[in-house]
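[1] Fold the following.
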Amino acid sequence: MEIQSLEMDVVCYATAAYHEGSNKNERIAIVNTIRNRLKSGRWGHTVCSVVYADKQFFGVWDETHEPVDEKTYLETKLLVLDTIVFHKYRNEIGNALYFHDKSIAKKSKWFGHNHKKTINNLEFY
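    Prediction:
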């Protein structure tokens, strides 16, 4: 993998994980959701096309979010590298393609998939 491509992938993974997850475990799970979506090919064939697919990751297209905390964002980029390059963290969500915050009413099936895992405030399907 060439360095420019890896850098762009890390930025896209980190942007989604930073805005969608509120802690390390949620962010790792979001990175794995993006990887699962990339493997499926339904949202695109690059990390950035998956992340920026039409309104899939609320935090990347919603401009009303809080200003980015640079330290936390850089920590998220390192977390992405540890997850996708160094395989430091297990994939706790299996083949889940979807997630939502638990504040949304729970359904027995979500997007036609059974519930796979709850990580802090996020439900994965």
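
[2] From here on, just use CA atoms for contacts and neighbour counts.
    Will do.

[3] Just checking, which helix or strand of the protein averages the lowest pLDDT?
    Counting by mean pLDDT, DSSP states H and E, the weakest-scoring helix or strand in the chain turns out to be strand 109-110, with a mean of 62.

[4] Check which element follows that strand along the chain.
    Per DSSP states H and E, strand 109-110 leads on to strand 113-114 as the next helix or strand towards the C-terminus.

[5] How far off centre is that next one?
    Taking the mean C-alpha point of strand 113-114 and that of its whole chain, the gap between them comes to 18 Å (CA atoms, centre = their mean, to the nearest Å).

[6] Glu123 falls within a strand, correct?
    Yes: when the secondary structure is assigned by DSSP: H, G, I helix; E, B strand; the rest coil, Glu123 falls within a strand.

[7] Can you report how many residues lie near it?
    Here the count is done by other CA atoms under 10 Å, and Glu123 has 22 residues near it.

[8] what do you get for Arg42?
    Counted with other CA under 10 Å, Arg42 comes out at 10.

[9] Distance-wise, check it relative to Asp69.
    Shown here: Arg42 relative to Asp69, a distance of 31 Å by CA to CA, to the nearest Å.

[10] same question, Arg90
    For Arg90, the distance to Asp69 - CA to CA - is 26 Å.

[11] Check Asn23 too.
    If you measure Asn23 against Asp69 using CA to CA, the figure is 13 Å.
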